[in-house]
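Student: the sequence and its predicted three-dimensional model are supplied below.
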Amino acid sequence: MCVLLPEASFAAKRIDKNLTLKALDTESTRREGRLTVLLFMSALSNYLDMLLHWLESIGLQPPSQDVRILEIRLGDGTYHVRRDELRKPLDYEARFEELLRTGYPWLNVSCYGVHDGSLIVAIEVPSPRVGHSPGFATPVNLSGPARIVLDHQWHVDSVLTIE
């Protein structure tokens, strides 16, 4: 967490898929002739990193770390999705931030398995019938792949149809 002074301004540049480089420019840093550089991870990148580390800590090594994100609203029944619904994490960051601000009682970041060489991570959102409280922090849960996925060498086909 970073607390910034009101006179602070930033020059920001994305330096890779997870980190944004921000140069902090304040009156005090200009006076002292120094530049403070801060690195920020998006909330989505942070949760994906936590998910991958947690999987590793329980002895699961996904065959790919090339992640694709899929948003699923729970309660919709069988999961059939179009290939174009799979998004790169960078393309989903703003939507994930929006979901966090919505005030849902929870979000799940779930590893579903591998499809075409990409690790499919679903952002599971509660059914529309579930209430929400805007302004309250949304807790995020992490989930590993189903046993049937692991039994089939991480292939996602047993839990998700991608067309």
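Tutor: Received, thanks.
Student: list the buried ones in stretch 148-158?
Tutor: Neighbour counts over stretch 148-158 (16 or more other Cβ atoms under 10 Å) mark 149, 152, 154-156 as buried. Placement of C-beta: from N, CA and C, glycine included.
Student: for that stretch, the averaged confidence score.
Tutor: Stretch 148-158 carries an average pLDDT of 94.
Student: next: stretch 63-73.
Tutor: Here the average pLDDT along stretch 63-73 is 94.
Student: run through who's touching stretch 121-134.
Tutor: Stretch 121-134 is contacted by residues 48, 51, 67-76, 92, 96, 99, 101-112, 143, 160 when judged by Cβ atoms under 8 Å, 6 or more residues apart in numbering.
Student: please disregard the earlier target; I meant stretch 97-108.
Tutor: 42-44, 74, 122-126, 130-143.
Student: please redo it, this time with the cut-off set to 6 Å
Tutor: If you take Cβ atoms under 6 Å, 6 or more residues apart in numbering as the criterion, stretch 97-108 is touched by 124, 126, 132-134, 136, 138-141, 143.
Student: got the buried residues for that stretch?
Tutor: 99-100, 102, 104, 107-108.
Student: look at Phe137 and tell me its secondary structure.
Tutor: You called it Phe, but residue 137 is Ala. coil (DSSP: H, G, I helix; E, B strand; the rest coil).
Student: quick one: contacts for the most centrally placed residue in the chain?
Tutor: The chain has Leu44 as the residue nearest its centroid, 2.7 Å off, counting by Cα atoms, centre = their mean. Leu44 makes contacts with 89, 93, 96, as judged by Cβ under 6 Å, 6+ apart.
Student: want to try a markdown table for those, with distance to Asp116 and secondary structure as columns?
Tutor: Listed next are the contacts of Leu44 as a markdown table, based on distance: Cβ to Cβ, whole Å; DSSP: H, G, I helix; E, B strand; the rest coil:
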| residue | distance to Asp116 | secondary structure |
| --- | --- | --- |
| Pro89 | 16 | helix |
| Glu93 | 22 | helix |
| Phe96 | 22 | helix |
